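K.L.:
here is the input, now give the coordinates:
(one chain, ligands or ions: 3)
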Amino acid sequence: MQSLISSAIVLCMSFAFVETATAATIYDFETDFSTTTNTATSTWSYRTAADLLRDGSYDLFAVSQVILSATDGWNETIANAHPPYIGVNTSGAADGVVPDGDSTVHPGHNRIAVVSWLAPSDGTAAIDYLFGDQNAGGGSGITWYIDDGDSTGNLATGLLGNGGLDQSGSIASFAVSAGDRINFVIDPVGTAPDPIPAANHAFDNTHVVATVTFVPVPEASSIALLLIGVGSVSCGWRRRRTVKY
Ligand SMILES: [Ca+2]
Ligand SMILES: [Ca+2]
Ligand SMILES: [Ca+2]
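P.N.:
Numbers count the residues shown, from 1 in each chain. Ligands and ions are numbered 1, 2, ... in the order given. This next block holds a predicted model:
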């Protein structure tokens, strides 16, 4: 009986420590969106490239400003509403094609736009996503990708033709290491015969919902505490046995 109680106590303590060490953090591109921070080390960064290559090497947008009539975001020139750009409408009202509260990611002429997430430590990541066309006025639509750093690590992809229905889904939990990236890429190339002669980026405003549910691996100190907890319970049990006999 005592051994059963001891086991139960050990089990409870184990769960208590493990739970403390592995609480999940949900990173949400839209709710976390920053108009002040966009660096190589920020958890979310907002990027583009001079081309369509998903080679993992992307430039940080340099300018934070109003990118539509009322939507704050990032692009690379002071020229207003000049794609590529990435922003979130927090103005309190619809801003043209962008509903209040929604992101908008617009690729450029023959250029991708990239929302990048950086793993803060070793752990596991699970992803929920949605891609939606915000402007059905014309153009070729887009192709979206979720990859683990570059085109060699595709996690999901889809062709969202102009005016197409939202595309959403989940990616089950997988291991990541500190410094790994998960990239959400909007490519202006849409429905064939695009690109002729270059990818058509007209009407390519895209609603991107991207959440990463991150669970860090237990830190060494937490594991040590767990072992100390198990050790002290089993020691207590052994002492009580000694007294009894
Ligand atoms: Ca590049
Ligand atoms: Ca469109
Ligand atoms: Ca397009």
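K.L.:
contacting residues around Asp59?
P.N.:
47-50, 76 (C-beta atoms under 8 Å, 6 or more residues apart in numbering). Every C-beta, even on glycine, is put in place using the N, C-alpha and C of the backbone.
K.L.:
again, but for Gly132
P.N.:
160, 166-167, 206-207.
K.L.:
secondary structure element for it?
P.N.:
Using DSSP states H and E, Gly132 maps to strand 123-133.
K.L.:
one more: Ile186?
P.N.:
Counting by DSSP H and E, Ile186 is part of strand 181-187.
K.L.:
for the contacts of Asp59, pick the one with the most neighbours.
P.N.:
Highest neighbour count within the contacts of Asp59, by other C-beta atoms under 10 Å: Thr48, with 24 neighbours.
K.L.:
correct me if wrong: it contacts Ser57.
P.N.:
No. With contact defined as C-beta atoms under 8 Å, Thr48 does not count as touching Ser57 (11.3 Å).
K.L.:
so, low pLDDT: which residues of this protein?
P.N.:
1-21, 79-81, 220-245 (pLDDT under 70).
K.L.:
ligand 2 contacts on the chain?
P.N.:
133, 135, 139, 162, 203 (C-beta under 5 Å from the ion).
K.L.:
may I see the residues you listed organised as JSON lines, with distance to ligand 3 and secondary structure added?
P.N.:
Below are the residues of the chain next to ligand 2 laid out as JSON lines (distance: C-beta to the ion, whole Å; DSSP: H, G, I helix; E, B strand; the rest coil):
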{"residue": "Asp133", "distance to ligand 3": "10", "secondary structure": "strand"}
{"residue": "Asn135", "distance to ligand 3": "10", "secondary structure": "coil"}
{"residue": "Gly139", "distance to ligand 3": "5", "secondary structure": "coil"}
{"residue": "Asn162", "distance to ligand 3": "7", "secondary structure": "coil"}
{"residue": "Phe203", "distance to ligand 3": "7", "secondary structure": "coil"}
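K.L.:
between those, which is closest to Thr36?
P.N.:
If you rank the residues of the chain next to ligand 2 by distance to Thr36 using C-beta to C-beta, Asn135 comes first, at 27.4 Å.
K.L.:
check contacts around the closest one.
P.N.:
97, 203-205.
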